[in-house]
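*Asks:* starting from these lines, generate the structure:
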Amino acid sequence: MTLAEVQDGKLSRDQKWWRYLFLKSRLTEFCIVFSASICIAFKLIGPQILGANWSIIDNWDYFNWLGPDLNLPLSEVWHTLMTKTEVGSGVGRYRPSYYTLMVLETSLWGPNVHLWYLARTLEFGLFIASIWWIVSRFVGMWLSAVLLLPILAQPFWGDVWARLGPQEIYGCASVGLILFGAYGLFAGQSRGLRITGACVIALAGVILIGTKETFLPIAGLSIGLLFAAGSLRTIPRTLALCLIAIISAAGLAEFYIVQKIVLAAGADYNGNSIDLPLLISVGSEAFVHAIRIWGSVYLTVGLGCMFVLQRHGKDLRQWKLASLAAGLVFAFLVCLFVTQCVAYRTVAPTDMRYDFPRMLFDPLNYCLLACYVVHLIGAYFSTRDANYLSLSAAAVLVLVFAPTLNFVRLPSAVAKNIRATTAFYNELELITAAAKRSPATPIILEAHEPLAWASEPLLSLPTYLTTVRRREPDLGSRPSRIKFDKSGCS
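*Replies:* Reported below is the predicted structural model:
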């Protein structure tokens with residue numbers, strides 16, 4: 001065998017090895033990414049599907065809507081929405097999308113807690129897959145997988161996914177729909193796929209607007225994507241303008257109602273002051289915090305790439321387009337970070353669900369920077385060079401992230417939720433059994449927390465007792481006492 005034949009054989013083996021690392025079929029890669037994302041979601045929060053139960057907070061509304069028959073037909077969804085939620089009453093906050101989805105889920109899943117937790121697990125998988133898929137479009141499947149690690153290690157996820165009721169759940173699912181819709185809109189090969197992607201983006205934007213007041217800035221991403229698609233004629237401009245008008249109308253209506261409620265109360269729904277100097281002070285601090293490091297990083301990397309390309313005699317047109325796109329995305333992330341900090345009056349993390357999405361600022365910038373650099377390498381040199389860079393960066397980042405990230409917070413929160421909800425529901429079973437034995441004995445609820453926290457359990461327990469076991473508690477007579485605090489009942 002000649003040296004040339006040996007070299008040809010070695011090249012063939014390398015090509016085969018390379019083909020398995022970097023797949024050419026986007027469909028195959030999508031199936032791997034989506035399947036792996038669902039598996040990650042099941043690994044992190046899946047134990048709740050069979051292990052967790054109803055909670056003393058968040059979940060009692062479902063039983064109020066289900067009624068004593070524990071059934072809510074789809075034909076009754078609108079009536080329930082208008083008569084039993086803030087959407088129809090006009091009292092309190094105004095979150096039409098949130099309550100519409102919750103009532104719909106109540107009609108679909110009913111009192112089966114396992115289906116509720118299954119839905120949450122799939123929504124988490126959708127969110128993971130959307131980020132992984134979009135980033136992999138620029139840096140490949142392996143580096144994008146590593147860039148997921150700082151996102152999944154965020155400490156606030158436990159307060160989102162180890163529960164059933166937070167608005168952030170629908171916020172994450174909506175972001176996932178926007179990202180998948182954006183891929184269909186800009187990478188779709190058929191007109192139908194691009195139009196479908198645009199409609200999904202618009203729907204997700206409207207859902208975000210009506211899910212939580214602080215999600216209004218995220219919905220701006222929908223408008224930006226549709227405006228870009230219309231400008232590039234990816235979809236008909238008339239359609240883009242119509243969808244933008246729908247999102248804008250929903251946003252303006254939500255903003256009008258929310259500001260009317262806030263101005264009447266003199267504070268936001270968290271009781272925070274709406275004093276303008278305070279808002280400006282927090283916004284300025286957040287802006288400086290956002291650009292102090294990352295602004296310098298992007299400026300240095302951008303100018304460094306330009307210098308390297310000029311040294312190699314490359315045309316800078318692709319660099320300008322990539323830099324413009326990265327700059328616009330960075331500006332959106334900065335605006336999102338600043339508005340969320342202003343909404344909660346703090347730049348510091350709380351390690352609670354209120355950190356979504358602002359505490360994803362750094363992890364998303366890791367993704368953006370990697371996309372920018374690897375895309376330029378691929379555009380100006382070769383796809384193989386970009387793949388080598390991507391794989392090398394993935395290996396380095398694994399070594400960097402491994403000792404610094406804490407991946408046990410979310411599983412720990414899940415385990416805690418399973419213990420707490422199981423204890424609560426077992427206690428509920430004991431209460432109802434005792435009530436059946438002594439139906440004349442009243443029940444007294446004894447709170448051991450401030451009223452701000454105790455008010456919801458005081459409402460939820462009677463609802464559970466009247467719907468789950470169809471027993472109306474007498475709260476006015478002398479009982480055997482039920483004590484409860486944040487850990488449950490006793």
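
*Asks:* all the strands of the stretch 1-150 of the chain, residue numbers only.
*Replies:* Read by DSSP state E, counting those that start in this stretch, the stretch 1-150 of the chain holds no strands at all.

*Asks:* so, low pLDDT: which residues of it?
*Replies:* Along the stretch 1-150 of the chain, the model assigns pLDDT under 70 to residues 1-21, 90-92.

*Asks:* could you redo the last one with a cut-off of 90?
*Replies:* Within the stretch 1-150 of the chain, the ranges that satisfy pLDDT under 90 run 1-28, 55-61, 63-64, 66-70, 85-94, 140.

*Asks:* can you check the stretch 301-450 of the chain too?
*Replies:* Low-confidence regions of the stretch 301-450 of the chain, defined here as pLDDT under 90, cover residues 308-318, 348, 374-395, 400-407, 424-450.

*Asks:* what segments of it are helices?
*Replies:* Assigned by DSSP state H, counting those that start in this stretch, the helices in the stretch 301-450 of the chain fall at 317-344, 361-380, 383-401, 409-437.

*Asks:* in the last one, what counts as buried?
*Replies:* It stands for helix 409-437. Within helix 409-437, the residues that count as buried by 16 or more other Cβ atoms under 10 Å are 409-410, 413-415, 417-418, 420-421, 423-425, 427-428, 431-432, 435. No exception for glycine: its C-beta is placed from N, CA and C like everyone else's.

*Asks:* same question, the shortest one
*Replies:* Of the residues in helix 383-401, those buried by neighbour count under the rule 16+ other Cβ under 10 Å are Ala386, Asn387, Leu389, Ser390, Leu391, Ala393, Ala394, Leu397, Phe401.

*Asks:* okay, now Pro277: neighbour count?
*Replies:* Residues lying near Pro277 (other Cβ atoms under 10 Å) number 8.

*Asks:* and it, how far from Ala267?
*Replies:* Look at Pro277 and Ala267: by Cβ to Cβ, to the nearest Å, they are 15 Å apart.

*Asks:* kindly report the same for Ile246.
*Replies:* Applying Cβ to Cβ, the value for Ile246 to Ala267 is 31 Å.

*Asks:* neighbour-wise, which of these two wins?
*Replies:* Ile246 (16 against 13).

*Asks:* give the contact list for the nearest residue to Trp294 once chain neighbours are set aside.
*Replies:* Nearest residue to Trp294, sequence neighbours excluded (Cβ to Cβ, 6 or more residues apart in numbering): Asn365, at 5.2 Å. By Cβ atoms under 8 Å, 6 or more residues apart in numbering, the contact set of Asn365 is Trp294, Val297, Phe330, Leu333.

*Asks:* which two among those are spaced furthest apart?
*Replies:* Farthest-apart pair in the contacts of Asn365 is Val297 and Leu333; separation 12.7 Å (Cβ to Cβ).

*Asks:* the more surrounded of these two?
*Replies:* Set Val297 next to Leu333 and count neighbours by other Cβ under 10 Å: Leu333 wins out with 20 against 13.

*Asks:* my guess is that one contacts Phe361. True?
*Replies:* Yes: contact criterion Cβ atoms under 8 Å: Leu333 and Phe361 qualify, at 6.0 Å.

*Asks:* between those two, what contacts are shared?
*Replies:* Common contacts of Leu333 and Phe361, defined by Cβ under 8 Å, 6+ apart, comprise Ala290.

*Asks:* centre of the chain to stretch 344-353, how far?
*Replies:* Relative to its chain's centre, stretch 344-353 lies at 16 Å (Cα atoms, centre = their mean, to the nearest Å).

*Asks:* now that stretch: buried residues?
*Replies:* Tyr344, Thr346, Val347, Arg353.

*Asks:* looking at these, spot the one nearest Phe124.
*Replies:* Arg353 (13.4 Å).

*Asks:* circling back to that earlier point, need the max-distance pair from the buried residues of stretch 344-353.
*Replies:* Greatest spatial distance among the buried residues of stretch 344-353 (Cβ to Cβ): Val347 and Arg353, at 17.1 Å.

*Asks:* now Leu276: how far from Val342?
*Replies:* Counting by Cβ to Cβ, the separation of Leu276 from Val342 is 11 Å.

*Asks:* okay, the residue nearest the centre of the chain and Leu430: tell me how far apart.
*Replies:* By Cα atoms, centre = their mean, the chain has its centre lying nearest to Cys172, at 1.9 Å. Here the distance between Cys172 and Leu430 works out to 36 Å (Cβ to Cβ).

*Asks:* now do Gly165
*Replies:* Distance from Gly165 to Leu430, counting by Cβ to Cβ: 24 Å.

*Asks:* and for Pro96?
*Replies:* Distance, Pro96 to Leu430, by Cβ to Cβ: 38 Å.

*Asks:* got the contact list for Arg409?
*Replies:* By Cβ under 8 Å, 6+ apart, the residues touching Arg409 are Ala153, Pro155, Trp157, Gly158.

*Asks:* burial check on the first one, number of neighbours?
*Replies:* Ala153 is flanked by 17 other residues according to other Cβ under 10 Å.

*Asks:* quick one, phi/psi of the residue nearest to it when sequence neighbours are not counted?
*Replies:* Computed as Cβ to Cβ, 6+ apart, the closest residue to Ala153 that is not its neighbour in sequence is Leu405, at 4.0 Å. Dihedral angles of Leu405 (phi, psi; degrees, to the nearest 10) stand at phi -100, psi 140.
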